[in-house]
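Visitor: attaching a predicted model along with its sequence, questions to come.
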Amino acid sequence: FIFKQAFSRDASYCRAQDDEYRLEVTTPLQRVDLFMGQFNSVLLTSISVFTKGNLTVANLGTSEGRFMQIVVSRSELTAPHVSFQLDSHPVSPQVVIENSLADDGYTLVVTGKKVTKIPLKGPGCHHFRSCSQCLLAPPFMECGWCGQQCVRSAACPSGTWTQETCLPKVYEILPSSAPLEGGTKLTLCGWDFGFSKNNRFELKNTIIHIGGQICALEAKSSNKNKLECTVPAAKNPSFNISSSVSVGHGKTLFSTFSYVNPVITSISPTYGPKSGGTLLTISGKYLNSGKNRRIFVGEKLCTLQSVSASTVECYTPAQRIPQEYRVRVGIDKAIRDASGHFTYREDPVVLKIHPAKSFLSGGSTITAQGINLNSVCFPQMVITVPKLGMNFSVACSHRSNSEIICCTTPSLKAFNLQPPFVTKVFFIFDGVSSLYFDFDYVNNPVFKHFEKPVFISRGNHNVLEIKGNYIDSEAVKGEVLKVGNKSCENLLLQSESILCTVPSDLLKSNSELNIEWKQEVLSTVIGKVLIRQDQNFTGLIAGIVSTAVLIFIFLVFYIWRRKKKQIKDLGSELVRYDGRVHTPHLDRLVSARSVSPTTEMVSSESVDYRSTFLEDQFPSMSQNGSCRPTQYPHSDLSPILSSGDSDLASPLLQTNVHIDISALNPDLVKEVQHVVIGADSLIVHFSEVIGRGHFGCVYHGTLLGNDGRKIHCAVKSLNRITDLEEVAQFLKEGIIMKDFTHPNVLSLLGICLPNEGSPLVVLPYMKHGDLRNFIRNETHNPTVKDLIGFGLQVAKGMKYLASKKFVHRDLAARNCMLDEKFTVKVADFGLARDVYDKEYYSVHNKTGAKLPVKWMALESLQTQKFTTKSDVWSFGVLLWELMTRGAPPYPDVNSFDITVYLLQGRRLLQPEYCPDPLYEVMLKCWHPKPEMRPAFSELVSKISTIFSTFIGEHYVHVNATYVNVKCVAPYPSLLSSQDNTDMDVDT
């Protein structure tokens, strides 16, 4: 403001006046944000303040209709203790506060046309999710912790309500296991660690116990959400140890930590160049335990690449001297030595390559020559294409000595480059790279196809002339021309043809040989060649003698066949029985042609051991705890069946078996604790039989969970397991199978070892039963796409089992189950096989397992050995079952003749509704050479493609018919012509 006032002063200066005016200006107070910027991005439309004791509390409303309460403080940052969405309209600045000093004080808040009454001490305490949030709330809210929630004292009748202390919460332990030697830095993740009422982090009363021992706490690296400590050593492995975090007034328990004993079983590869860089794979158990891992080759560290429970990978360091070095793995304080050594060899050097050209479609074999090329297991060739700015890597293979490796060139046809063009080639030997070599790609040749087979003979007449254009003289030397799967020799290029010498070891062949041009992706058949045998007097004499011998053999064979036919005719009206399993003999039952799986014979002695009965054949008999004994139609067979070998004539189920579990190895008993189900936790409904099989019965069961829940399950009795050694092996395999988890593999719930009787396998109950009976049911109407989808699910399950090195041996539609969601689960992979000990399974064991011959691969029929590739064959038969809706395979072929049938190159016919691409997949599964069959990962990819492109609108009928019936032998016969003639007579 301005006011007038007279001043007495010297006014002698220029223009001075007697009267003078003064201007007074006020300065505004500085604004202070007591919320310290936490509402900078929020538009507050309402602010009201009240006091509670010595606290000042603000009611805040926002433009988005949210209501908040916050304690106002000048000394520290406070967060809203109440925050909730009141309305979608903004909160009005007009508020009313009533009885702020009383406990029932409230405020009236306006949003739009609505007025809300809110208690001043908050709407409640339930919005505080943790104990620390609850106890740090303003005291006027009267909140306290009760069990697992924040409430006022009146809402906690149990008497455990507190406003003073909080027990810590632990939700994760890292790592979950550690070596016995201890020294592992253990991290406990959770909240409310070191809690105090003044909101300070204090650990003076915090103690961590691991299995009764103190874990040394490290306060510097711990906070309210994380505790770190160093675990002590332990004497023996133990799983899920009882542990705790105590804070003086109480403790929190957890049991997710285990002591384990890491073991190294093997290393691969066992050698590499002295410059290092070899990817070393160390296999074993519990290799991911502990926290810090160090791998030493000699005294140098191996660069860690990946870690899992069973493998550790690292890149080897360089060593100055090529020799053997010890491999050690350090896990925290634990040190483990590998049984084998890693050998460093001299670095490889490539001196030259031949040929230095390739056709555009690739497939040329490039030979690299040098020294020490066998110093690495997996050499690689890299082709650099400057025009594309890309590198192409291919794997190389070793030839007979250390001076040569061979690599196949990739195809560059898809990149539309105009040949010829120059590339660069170099070789990678783990950590060693070779010099660069110039390498040219040239145009593909155009070979003229042979109109008819070419005849050649031994001696100087074994040279083929292959006509064509654009045949590069150097590129053609890359083993691209093949005769009978062997490379042409002594190639000689002429003006419009090339001369190829047929390898001498093929000249003894009597069969037709293909002439092929090999490329990277496929091979093109140019023509066929036949070997004409030389005719001379020696051959004529040998021919006469051979003819005489053949006539004699034919006469003997003819007499033998006639006698055999007479014996067969005499026995045609007889039914022969096998005393071991009390079933009609094979060659009579095979001709029964029943749709039941019981008629699918599996050996010369019995029916398929997986067989089930469609209805109760013996309604008058009732036995709890065992399957019903077999009834014999002829009473006079009893003395025959009871005499002889007692083992062979023993009943299927032995109800008086007693196994003393206490006699088992104590270490094994501890290891299988997570697999074994107590007898008091399992109820077996022996009167409700699901099915019967070779090993026993399958019953309905009820599994009692720890929480009181009842789980419907299937209980399978294994009455063939009778001695302690078999039980021990049975338990070891159960440990392995318990870890199998895949949506398309039937899981193992556990194993029950009752005090009396045989072991029991507990499995999930499958509502829709086995896949074969489901698709055979005429009330179901699956489309082609549905059936392909079932096959895809089986392929995914088998891909998982194959990745676990598990061989099924009995893959068929009857051994796949359907749950309530129609998810297919591969089942009946049994508890009588070792997953990891062998690459294959032999049936020459004491169990005398029966073989499902019509599902078995050709090599398994001949050798009784099984691999993942034989499972692929069985999967092809399963696909055929699906597309015929469960028809028995090879219905017109006797089980005794199936091997010869397959050796003739004959296979199952294409079902009527089977798509051509799917039948091609089946044929690849039935390739006579196991290594030529696809892997399950490849099958999943191919069937997924077929499944995604198929509409699936056609329905498949139960009565199967076939298409393309003229192509009954998609593969060449592996038998002589005489064997083929005999088989044709039989079938």
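Guide: Right, received. Where do you want to start? Numbers count the residues shown, from 1 in each chain.

Visitor: could you look up the next helix or strand downstream of the helix or strand of the chain with the lowest mean pLDDT?
Guide: Lowest on mean pLDDT, DSSP states H and E among the helices and strands of the chain sits helix 638-642, with a mean of 29. Counting by DSSP states H and E, the element after helix 638-642 in chain order, helix or strand, is helix 666-671.

Visitor: how far does the next helix or strand after that following helix sit from its chain's centre?
Guide: Downstream of helix 666-671, the first helix or strand assigned by DSSP H and E is strand 682-692. The chain centre lies 32 Å from the centre of strand 682-692; the measure is Cα atoms, centre = their mean, to the nearest Å.

Visitor: and stretch 795-808, by the same measure?
Guide: Per Cα atoms, centre = their mean, the centroid offset for stretch 795-808 relative to its chain is 7 Å.

Visitor: make 24 the first number, not 1, from now on.
Guide: All right, first residue 24 from here; so that's stretch 818-831.

Visitor: any low-confidence regions in the stretch 574-723 of the chain?
Guide: Where the stretch 574-723 of the chain drops to pLDDT under 70, the residues are 585-685, 716-718.

Visitor: how about a cut-off of 80?
Guide: 581-688, 690, 692-696, 714-719 (pLDDT under 80).

Visitor: can you pull the domain assignment for the protein?
Guide: Domain assignment for the chain, taken from automatic domain parsing, gives 192-283, 286-368, 372-465, 475-555, 559-590, 684-787, 794-1007.

Visitor: reformat the ones you listed as TSV; add distance to Ala125.
Guide: (C-beta placed from N, C-alpha, C; glycine too.) Shown next, in TSV, are those (distance: least, Cβ to Cβ, whole Å):
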stretch	distance to Ala125
domain 192-283	26
domain 286-368	57
domain 372-465	81
domain 475-555	88
domain 559-590	113
domain 684-787	47
domain 794-1007	60
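
Visitor: what's the least confident stretch among the ones you listed?
Guide: The weakest mean pLDDT among the domains of the chain belongs to domain 559-590, with a mean of 71.

Visitor: so what's Leu57 up against?
Guide: 95-97 (Cβ atoms under 8 Å, 6 or more residues apart in numbering).

Visitor: save the residues you listed as TSV, and put in secondary structure too.
Guide: Output for the contacts of Leu57, formatted as TSV (DSSP: H, G, I helix; E, B strand; the rest coil):
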residue	secondary structure
Val95	strand
Ser96	coil
Arg97	coil
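
Visitor: now the buried members of those.
Guide: Buried members of the contacts of Leu57, counted by 16 or more other Cβ atoms under 10 Å: none.

Visitor: any idea which of the residues you listed is closest to Lys828?
Guide: Ser96 (65.0 Å; Cβ to Cβ).

Visitor: where do the helices of the stretch 474-623 of the chain begin and end?
Guide: 560-593, 609-612 (DSSP state H, counting those that start in this stretch).

Visitor: again but with the stretch 124-273 of the chain, I slipped
Guide: Going by DSSP H, counting those that start in this stretch, the stretch 124-273 of the chain shows helices at 154-158.

Visitor: thought Ala201 was touching Gly313?
Guide: Yes: the pair Ala201 / Gly313 is scored as a contact, 5.1 Å apart, by Cβ atoms under 8 Å.

Visitor: more crowded one of the two?
Guide: Using other Cβ atoms under 10 Å as the criterion, Ala201 and Gly313 rank with Ala201 on top: 30 against 25.

Visitor: check which helix or strand covers Phe970.
Guide: Per DSSP H and E: helix 959-972 holds Phe970.

Visitor: what does that helix rub up against?
Guide: Contacts of helix 959-972 (Cβ under 8 Å, 6+ apart): 808, 811-812, 814-815, 818-819, 821-822, 825, 891, 894-895, 898, 938, 940-941, 944, 948, 957.

Visitor: what are the buried residues along that helix?
Guide: Buried, per 16+ other Cβ under 10 Å, within helix 959-972: 959, 962-963, 965-966, 969.

Visitor: quick one: distance of it to the chain centre.
Guide: 16 Å.

Visitor: ok, now stretch 316-324?
Guide: The answer for stretch 316-324 is 31 Å, by Cα atoms, centre = their mean.
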